[in-house]
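**Student:** What follows is a predicted structure for the sequence shown.
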Amino acid sequence: MANAPEDVKLKRQAEEDAGALADSRTGTTKFLTGLGAAAHALKMADIDVASSYPIRPYTGLMMMLSMMAARGELDLEFVHGEGEHAQLGIAHGASSAGARALTGSSGVGVMYAMEVYSPISGGRCPLQMVIADRTLDPPGDFGSEHTDALSTRDQGWLLGWAHTPQEVFDNTLMFYRIGEDPRVYLPQMNCQDGYFLSHIPMKVVVPTQEEVDAFLPPLQFPDALDPENPLGHGPQLFPGQGHILEASRVNAMMGAFPVIDEVVNDFNSRFGTSYDPFVEQYKCADAEYVLFISGGHAYTAKFAVDHMREKGMKIGLVRTRWVRPWPTDYLADILTKFKAVGVVETNNSFGAARQCGILTLEVATTLYQAPKKPVLTAFMAGLGGEVIRLDEFYYMGDVLKDAAAKGSTERTAYWIGFHNV
Amino acid sequence: MKERYKKYTIEIPEEMSIPFAGIVESPKPNGEQPLMLTGGWRIYRPVVDSEKCVMCKSCVLACPDATVLLVDGGNKIGFNLDYCKGCGLCTWACPVNAIDRVPELDFEDGVPFQDALFLLPHVEALYADD
Amino acid sequence: MIEITVWATGVIQDKEGRDVCLVLTEAAFNEGKFTQAFDNYVDLPDRINVQVRKYARISESQIENVFEYENHRPNIIGVCEATIMKGINVCKGIQKNGFLVINTTKDPEELLKYVPEKERKRLKAVGTIDALGIAPEQLIDYSGSEGAEDVSAIGGGLGAAMAGAIAAISGVVKKESVLGAASNRTAAKRGYDEVKIKQL
């Protein structure tokens, strides 16, 4: 941009000020994919152990970390597992020993490690897993669907989605700080859409190492595995202790709420960002109906909302940054203001109530006790990794506009590609 | 179907249907899969000098894609140009240096021409303005 | 929005093909445009010599279809390995008054004969450039593939020459912009100056 003429620079600045980059952050500007952003953030977070296993599309992250380690830019113990199950096991061990551990996967890889998620969260190991979403087999489809990470939502991990590579960078740092907080001690899944975020470079502002160090202190893990001081991790319980352990795990997860609030606000003040800790609202101030979304497709959805507003439609976008813990009260307050809510689902739960996706189930429960409930429907879109095109968002807007006027919808779930043609 | 269950399922139109569980025919016995023509990858074409060739068939064995063939009643070496990727293993394997690697562009034909790789129906519609 | 599609061979030219797009988008970004440079995701580029595509988008306003997987209606086609044209219709979907730039020492007609009539008549001009001759080497570097960050410099050789040639024939970016964006300024300049342009 340095050599651009002055009027062009001012025009760009005005557009950026008005748009999603409405923050005043300083640092080095790079063009990075979501994987590149995560790798840079992890390097600055000085992770200790990374366990790898290749699966497209997240593999690029491990490519970058191994290169950083090989070139001496990062003091990293890089361990290759023989599968995703081993990968998570390695990270589990490293984290139990007090190391800041990192692992990652995509699609069926996330499923392959399924057994280890609960032991890790129950063991309160604050490791991070970078997930670049991929459709589950069949077929061998590399495109993004969130079902892979969402399928682990009951396992006790913090779970959240980014919608730009910049947010991936920021989440990487924030998730470690939140997960490693002594009031929490939980593992985190740092999710981004495969290809859409993981493979397309976008502008990322990288802060200085000093700023990152000031925000993210080193990990202090209590009762870490130590030959000098042997302890028993993950023993059998006595009868009558099971529900107590579960209750303490619930408290860890729900106790994350004030920590998330505190950490994100601290991040904003240090780095000049304007993240809402839990839920982003885009043009909702006077909206009558909203799209509810999580993840990368929100980037396109914002443009669609802009265009629909130009046509006079009173539509907004609500994007949840967290799926676990689910910000129930925040969302109940926000969503009950609208006449209709359409949940954009890039996931599937075959046979779920109302034939809708996973997020709609959560939203429906969120709204259950509200005295005045909006019309709720689901839009199954972007499945198989398809792009959700602007005209498809316009279709969703039209359905919601009708729903707001009529007070009901024809369907509980609309399938893009079938019902909109 | 009972009325109450009709709304549970999605109508998949005829033109969009795919085989049950995505199960397809297997490739033909000789290994050819017309949907996966790889001749276009080739930058150098193997050419055998029949005078030098001793028909030891090392090249046939060396080819990872089974595109080196016995032709002319089993008396000569030929190549399946629809699939040969030009990797050069046959050239390397030949004990009498009977195979040369010649730039593919030196030849007029011999490469199956593909209009597009994996063209989707909705993308095909984008070219309709022609 | 200008869409550019660059064809290259898998693994061998993965880096150089990507560099063409990175140099052009860096140049355009420095002129104040909105840009996007990305690899084709479907191509599974880890197969040696498979035909791969690298994409660039250059626009006066925000690019809204950022997630669209391919450039379906390109304005400019770059071909880093001329033999690719024999097996595939590299100009498929090209817009009217499109440009084609080929890395070759051959006469353009020798390669144009592989372009079907439908696409050929939409070409405004074809450029040929001996990019491989200009480049000190054709760098094979897999570090920047699959969403990872390139560790080697952008535009160090063949890619820079191709980018220069594309800028010259189409005017999509200014000469000084493309020269400044390539790490090998000489290669970019030679690509810009030496491309043989044939109007069609």
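**Tutor:** It's in.
**Student:** Mind telling me which residue is nearest the centre of chain B?
**Tutor:** B:Leu37 (2.7 Å; Cα atoms, centre = their mean).
**Student:** neighbours around the nearest residue to that one once chain neighbours are set aside, how many?
**Tutor:** Distances taken as Cβ to Cβ, 6 or more residues apart in numbering or on different chains place B:Pro112 nearest to B:Leu37, at 4.8 Å, with adjacent residues excluded. Where you see a C-beta, it was placed from the backbone N, CA and C, and this is true even at glycine. A count of neighbours around B:Pro112, defined by other Cβ atoms under 10 Å in any protein chain shown, yields 16.
**Student:** same question, A:Thr135
**Tutor:** Neighbour count for A:Thr135, taken as other Cβ under 10 Å: 27.
**Student:** That one touches A:Met111, doesn't it?
**Tutor:** No - using Cβ atoms under 8 Å, A:Thr135 makes no contact with A:Met111, being 11.6 Å away.
**Student:** Now list whatever residues contact both of these two.
**Tutor:** By the contact definition Cβ atoms under 8 Å, 6 or more residues apart in numbering or on different chains, A:Thr135 and A:Met111 are jointly contacted by A:Asp148.
**Student:** can you pull the contacts of the residue in the stretch 151-300 of chain A positioned nearest to chain B?
**Tutor:** Ranked by Cβ to the nearest Cβ, the top residue of the stretch 151-300 of chain A for proximity to chain B is A:Tyr195, at 15.5 Å. Residues near A:Tyr195 by Cβ under 8 Å, 6+ apart: A:57, A:142-144, A:385, C:41, C:69.
**Student:** contacting residues around the closest residue to it other than its chain neighbours?
**Tutor:** With sequence-adjacent residues excluded and distances taken as Cβ to Cβ, 6+ apart, A:Tyr195 is closest to C:Tyr41, at 5.0 Å. Shown in contact with C:Tyr41 (Cβ under 8 Å, 6+ apart): A:57, A:142, A:195, A:199, C:69.
**Student:** Okay, now the unreliable bits of the stretch 1-150 of chain A?
**Tutor:** A:1-23 (pLDDT under 70).
**Student:** ok, the residue nearest to B:Leu37 - contacts?
**Tutor:** B:37, B:39-40, B:81-82, C:87.
**Student:** Just the buried residues from those, in ChimeraX please.
**Tutor:** Here is the ChimeraX command that picks out the buried ones among those, judged by 16 or more other Cβ atoms under 10 Å in any protein chain shown:
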select /B:37,39,40,81 /C:87
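**Student:** would you turn the contacts of B:Pro112 into TSV with secondary structure and pLDDT?
**Tutor:** As requested, these are exported to TSV (DSSP: H, G, I helix; E, B strand; the rest coil; pLDDT from 0 to 100):
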residue	secondary structure	pLDDT
B:Leu37	coil	90
B:Gly39	helix	94
B:Gly40	helix	94
B:Leu81	coil	95
B:Asp82	coil	94
C:Gly87	helix	95
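**Student:** List the buried residues in the helix or strand where A:Val79 lies.
**Tutor:** Element membership of A:Val79, judged by DSSP states H and E, is strand A:77-80. By neighbour count on 16+ other Cβ under 10 Å, the buried set for strand A:77-80 is A:78-79.
**Student:** got the CA positions of the helix or strand following it in CSV?
**Tutor:** Counting by DSSP H and E, the next helix or strand C-terminal to strand A:77-80 is helix A:84-96. What follows is helix A:84-96, C-alpha atoms only, in CSV (Å, rounded to 0.1, in the frame of the first residue of the first chain):
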residue,chain,number,x,y,z
GLU,A,84,-4.4,-39.2,15.4
HIS,A,85,-5.2,-41.3,18.4
ALA,A,86,-1.5,-41.5,19.2
GLN,A,87,-1.2,-37.8,18.4
LEU,A,88,-3.6,-36.9,21.1
GLY,A,89,-2.0,-39.4,23.5
ILE,A,90,1.4,-37.7,23.0
ALA,A,91,-0.1,-34.3,23.6
HIS,A,92,-1.9,-35.6,26.7
GLY,A,93,1.4,-36.9,28.1
ALA,A,94,3.2,-33.7,27.3
SER,A,95,0.6,-31.5,28.9
SER,A,96,0.4,-33.7,32.0
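**Student:** What residues sit buried inside helix A:84-96?
**Tutor:** A:84-96.
**Student:** And those, which is closest to chain B?
**Tutor:** Of the buried residues of helix A:84-96, the one sitting nearest to chain B (Cβ to the nearest Cβ) turns out to be A:Glu84, at 23.7 Å.
**Student:** hang on, that closest one packs against A:Tyr53?
**Tutor:** Yes - judged on Cβ under 8 Å, A:Glu84 makes contact with A:Tyr53 at a distance of 5.3 Å.
**Student:** Identify the contacts common to the two.
**Tutor:** Residues touching both A:Glu84 and A:Tyr53 (Cβ under 8 Å, 6+ apart) are A:105, A:109.
**Student:** Helices along chain B, start to end?
**Tutor:** B:3-6, B:58-62, B:89-93, B:121-124 (DSSP state H).
**Student:** List the buried residues of the third one.
**Tutor:** Neighbour-count burial for helix B:89-93, with 16+ other Cβ under 10 Å as criterion, is recorded at B:89-91, B:93.
**Student:** what does the stretch 1-150 of chain A put close to chain B?
**Tutor:** Residues of the stretch 1-150 of chain A lying close to chain B (Cβ under 8 Å from any Cβ of the partner chain) are A:138-139.
**Student:** Would you map the strands across the stretch 1-150 of chain A?
**Tutor:** Under the criterion DSSP state E, counting those that start in this stretch, the stretch 1-150 of chain A contains strands at A:28-32, A:49-52, A:77-80, A:101-105, A:128-133.
**Student:** closest to chain C out of those strands?
**Tutor:** For these, proximity to chain C was assessed by Cβ to the nearest Cβ; strand A:28-32 is nearest, at 6.4 Å.
**Student:** does any bit of that closest one sit next to chain C?
**Tutor:** Yes - judged by Cβ under 8 Å from any Cβ, strand A:28-32 and chain C are in contact via A:31-32.
**Student:** Check which residues of that strand are buried.
**Tutor:** A:30-32.
**Student:** ok, now stretch A:412-419?
**Tutor:** Within stretch A:412-419, the residues that count as buried by 16+ other Cβ under 10 Å are A:412-417, A:419.
**Student:** picking that back up, what is the nearest of the contacts of B:Pro112 to A:Gln128?
**Tutor:** B:Gly40 (42.9 Å; Cβ to Cβ).
**Student:** Name every strand pairing with the helix or strand hosting C:Thr35 and say which way it goes.
**Tutor:** Using DSSP H and E, C:Thr35 sits in strand C:34-39. Counting by DSSP bridges, the strands paired with strand C:34-39 are strand C:51-59 (antiparallel).
**Student:** Would you mind naming what in chain C lies close to chain A?
**Tutor:** Contact residues (Cβ under 8 Å from any Cβ) of chain C with chain A: C:29-32, C:36-39, C:41, C:62, C:64-69, C:143, C:145-149, C:151, C:177, C:180.
**Student:** contacting residues around residue 63?
**Tutor:** As the question left the chain open, I've gone with chain A. C:143, C:146, C:148.
**Student:** looking at chain C here, not the other one
**Tutor:** C:1, C:34-36, C:57.
**Student:** show me what contacts the residue lying closest to B:Pro103 once chain neighbours are set aside?
**Tutor:** In space, B:Pro103 comes closest to B:Tyr44 once its chain neighbours are excluded; the distance is 6.0 Å by Cβ to Cβ, 6+ apart. Contacts for B:Tyr44 (Cβ under 8 Å, 6+ apart) come out as B:86, B:88, B:101-104.
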